[in-house]
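J.: how would this look folded up:
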Amino acid sequence: METLELTADVFVAGGGPAATWAALHAARDGAEVVLADKGYCGTSGATAAAGTGVWYVPPDPAAREAAMDSREELGGRLADRRWAARVLDETYERVNELAVSARFPFPVGPDGRQLRNGLHGPEYLRRMRALVRRAGVRILDHSPVTELLADPSGAVAGAAGYQRQGRQDYRVRAGAVVLATGGCAFLSKALGCDVNTGDGALFAAEAGAELSGMEFSNAYGIAPEGTSVTKTAFYHFATFFRADGSVLEGASGVRRSPIARELLRGKVYCRLDRADEQSRAAMRLAQPNFFLAFDRMGIDPFTEKFPITLIAEGTVRGTGGIRIVSDDCATTVPGLYAAGDAATRELICGGFTGGGSHNAAWAMSSGSWAGRGAARYARSLGSRAHNRRTLALGEAGLRSGGRADGDHREVIAAVQREVLPYDKNYLRHGNVLTPALASLDDVWTRLRASLGGTGELSVRTRQAAAMAAHARWMYRSALARTETRGMAKRLDFPAQDPGQRHRLHTGGLDTVWVRPERTVVEAAS
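T.: Residues are numbered from 1 along each chain as shown. Next comes the predicted model:
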């Protein structure tokens, strides 16, 4: 079958909140937009599978200041107040737009006012899809991107991929590209995250873009054993227990290291016994899917103990991602923009995010800015936007260096062996990270030589390559940060080092490099 050839001013890769806000604002800016989602736009991804809190703060100076203060210390003081203020402003506008223009059914509080600090994920994405279609965006569902295109100067000039239902390759020549493909959860089975394999970061790196904050990538969510629902905020109301019934001291919804250590020895149990009646009712209303497994098992999580586990969420609820270098979320590569979990969130969170709240606000804000920025960039190209000669940039997992006889399943299993265990990725120590990185480097060398494919297979092989690349960026950055700051905890360097109050940039594929940014203090001044 012939390749489907399309043109657009702006191409958006992804289908979650960041992607849909990017497509919507690019279209509103007058751009012709094509959006391609790995799944069905409006139902795929972490947000569509559940509810999410939103960093929605009314424009009261004291409230805004308190909101920015709340994560400053947790994030290792790497956040940027100017960016945080911008996100609070943009999020306030976008959420209000959802309430007024899109008539989103926010719940109402006792005083009769809408509670706009949370979103029902399925309904949110359903409405975003409708808004995007109404704006004239062409949506390619079940059409994963497999590589970027660039012009001879190195500027990004479109993307290519595969349409699963039509069993057809496609190529979109575009003036600019927004990568909003989400983070990387390493196929850990966290709810809604099986589409989050880090593809966008691989595409960006192949184009020459940089990443930042990849050491802040060891997020693990608490989930009832045997389930995939990682709604960790509810565990602030929890008491944790060892298998013998004794209380696991020091464990909490935020402090999960004691849980990880105990899980290496045996089971850990939990009971949400610190929630009062009002909180219990609010929790059920806010996250009904959290309680589905309990209801099916006949367990009351507020009064009965249940076994828990930790599920890796990587950069989906970590902080690291593609480095952005301007207010419109441009990357270090001309014509390439990044938004949502695909982009670093250090600017607003420093070295700690977690689920929902800041991430949801960042998706709305960065998506909106990236869409507008991409539209302006495409417009600046004039007639050249669609007529440039293009080069395909995809390599690892797409075009092998030798015989394409490798197995993507073996690559994925090898990567998961190094990044999913708590004693490697969560309870980090240099003596463990170093051999793990050596193994991942070997995996990368082998996949570069033997992993390739076409059609549906190319989607699988590229996911495997993206996961391997992510793991190497993570561990190389983690070894470079010889301290404990934010999420990046080192057992062999348990103290925070004032001399390392800087962000770490990374990049490269066959050879991964890491270098410090100017200190945050210098950048602010």
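
J.: can you give me the helices in the stretch 301-450 of the chain?
T.: Using DSSP state H, counting those that start in this stretch, the helices found in the stretch 301-450 of the chain span residues 346-349, 358-381, 384-387, 408-419, 430-450.

J.: who wins for proximity to Ala26 among those?
T.: helix 358-381 (3.9 Å; CB to CB). No exception for glycine: its C-beta is placed from N, CA and C like everyone else's.

J.: against Trp444, how distant is Gly406?
T.: 12 Å (CB to CB, to the nearest Å).

J.: can I get the helices of the stretch 301-450 of the chain in a markdown table with mean pLDDT?
T.: Converted to a markdown table, the helices of the stretch 301-450 of the chain look like this (pLDDT from 0 to 100):
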| stretch | mean pLDDT |
| --- | --- |
| helix 346-349 | 94 |
| helix 358-381 | 97 |
| helix 384-387 | 84 |
| helix 408-419 | 97 |
| helix 430-450 | 97 |
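
J.: quick one, which of those is nearest to Val108?
T.: Here helix 358-381 is closest among those (CB to CB), at 20.3 Å.

J.: CA-only coordinates of the closest one, as PDB, when you get a sec.
T.: This file holds the C-alpha atoms of helix 358-381, laid out as PDB (Å, rounded to 0.1, in the frame of the first residue of the first chain):
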ATOM      1  CA  HIS A 358       1.400  20.400  38.700                       C
ATOM      2  CA  ASN A 359       1.600  17.900  35.800                       C
ATOM      3  CA  ALA A 360      -2.000  18.600  34.700                       C
ATOM      4  CA  ALA A 361      -1.300  22.400  34.900                       C
ATOM      5  CA  TRP A 362       1.900  22.000  33.000                       C
ATOM      6  CA  ALA A 363       0.100  20.000  30.300                       C
ATOM      7  CA  MET A 364      -2.500  22.700  29.800                       C
ATOM      8  CA  SER A 365       0.000  25.500  29.900                       C
ATOM      9  CA  SER A 366       2.900  24.100  27.900                       C
ATOM     10  CA  GLY A 367       0.600  22.600  25.400                       C
ATOM     11  CA  SER A 368      -1.100  26.000  24.800                       C
ATOM     12  CA  TRP A 369       2.300  27.800  24.500                       C
ATOM     13  CA  ALA A 370       3.900  25.100  22.300                       C
ATOM     14  CA  GLY A 371       0.900  25.200  19.900                       C
ATOM     15  CA  ARG A 372       1.000  29.000  19.500                       C
ATOM     16  CA  GLY A 373       4.800  28.900  19.200                       C
ATOM     17  CA  ALA A 374       4.800  26.200  16.500                       C
ATOM     18  CA  ALA A 375       2.100  28.100  14.600                       C
ATOM     19  CA  ARG A 376       4.200  31.300  14.600                       C
ATOM     20  CA  TYR A 377       7.300  29.400  13.600                       C
ATOM     21  CA  ALA A 378       5.500  27.700  10.700                       C
ATOM     22  CA  ARG A 379       4.100  31.000   9.500                       C
ATOM     23  CA  SER A 380       7.600  32.600   9.500                       C
ATOM     24  CA  LEU A 381       8.600  30.000   6.900                       C
END
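
J.: helices or strands up against that helix?
T.: For helix 358-381, the elements it packs on are strand 4-13, helix 17-28, strand 51-53, helix 81-100, strand 168-179, strand 336-338, helix 346-349, judged by 3 or more CB pairs under 8 Å, 6 or more residues apart in numbering; DSSP states H and E.

J.: least confident of those, on average?
T.: Among the helices and strands packed on helix 358-381, strand 51-53 carries the lowest mean pLDDT, at a mean of 84.

J.: starting at the chain centroid, how far to that strand?
T.: The chain centroid and the centroid of strand 51-53 are separated by 15 Å under CA atoms, centre = their mean, to the nearest Å.

J.: who's in contact with that strand?
T.: Outside strand 51-53, the residues within contact range by CB atoms under 8 Å, 6 or more residues apart in numbering are 117-121, 124, 233, 286-287, 289, 355-357, 359-360.

J.: within the sheet, what are the partner strands of that strand, with directions?
T.: strand 118-120 (antiparallel) (DSSP bridges).

J.: what segments of the stretch 401-525 of the chain are strands?
T.: 502-507, 513-519 (DSSP state E, counting those that start in this stretch).

J.: which of the ones you listed sits most buried?
T.: Mean neighbour count (mean count of other CB atoms under 10 Å) peaks for strand 502-507 among these, with a mean of 22.

J.: ok, and the closest non-adjacent residue to Thr434?
T.: Of all residues not flanking Thr434 in the chain, Leu479 sits nearest, at 6.8 Å (CB to CB, 6 or more residues apart in numbering).

J.: and the one you found, what does it touch?
T.: 430, 433-434, 437.

J.: ok, 10 Å please
T.: By CB atoms under 10 Å, 6 or more residues apart in numbering, the contact set of Leu479 is 215, 428, 430, 433-434, 436-437, 490, 514.

J.: close enough to count as contact, Val514 and Thr482?
T.: No. Assessed by CB atoms under 10 Å, Val514 is found out of contact with Thr482, at 11.7 Å.

J.: sorry, back to before: what touches both of Gly406 and Trp444?
T.: Residues touching both Gly406 and Trp444 (CB under 10 Å, 6+ apart): Leu451.

J.: output the strands of the stretch 401-525 of the chain as JSON lines; include the columns mean pLDDT and distance to Ala19.
T.: JSON lines is the format used below for these (pLDDT from 0 to 100; distance: least, CB to CB, whole Å):
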{"stretch": "strand 502-507", "mean pLDDT": "96", "distance to Ala19": "23"}
{"stretch": "strand 513-519", "mean pLDDT": "86", "distance to Ala19": "27"}
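
J.: let's have these in JSON lines, adding distance to Ser383.
T.: Output for the strands of the stretch 401-525 of the chain, formatted as JSON lines (distance: least, CB to CB, whole Å):
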{"stretch": "strand 502-507", "distance to Ser383": "33"}
{"stretch": "strand 513-519", "distance to Ser383": "38"}
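
J.: ok, and what's touching stretch 240-254?
T.: Applying CB under 10 Å, 6+ apart, the set of residues contacting stretch 240-254 from outside is 74, 222, 231-239, 255-262, 265-271, 305, 307-308, 352, 354.

J.: out of the helices and strands in the protein, which is least certain?
T.: When the helices and strands of the chain are compared on mean pLDDT, DSSP states H and E, helix 520-524 comes out lowest with a mean of 52.

J.: closest to Ala339 out of the helices of the stretch 301-450 of the chain?
T.: Of all these, helix 358-381 sits nearest to Ala339, with 4.0 Å by CB to CB.

J.: chain center to that closest one, what's the gap?
T.: Mean C-alpha position of helix 358-381 versus that of the full chain (CA atoms, centre = their mean) differs by 16 Å.

J.: just stretch 477-496 next, same as before
T.: The answer for stretch 477-496 is 21 Å, by CA atoms, centre = their mean.

J.: what do you get for stretch 225-236?
T.: Put simply, stretch 225-236 sits 18 Å off its chain's centre (CA atoms, centre = their mean).

J.: likewise stretch 191-206?
T.: Distance, centroid of stretch 191-206 to centroid of chain: 8 Å (CA atoms, centre = their mean).

J.: same question for stretch 424-433.
T.: Mean C-alpha position of stretch 424-433 versus that of the full chain (CA atoms, centre = their mean) differs by 22 Å.

J.: first to last residue in stretch 397-405, what's the distance?
T.: 11 Å (CA to CA, to the nearest Å).

J.: check which residues of that stretch are buried.
T.: Buried residues in stretch 397-405, counting neighbours by 16 or more other CB atoms under 10 Å, are found at 397-398, 400, 404.
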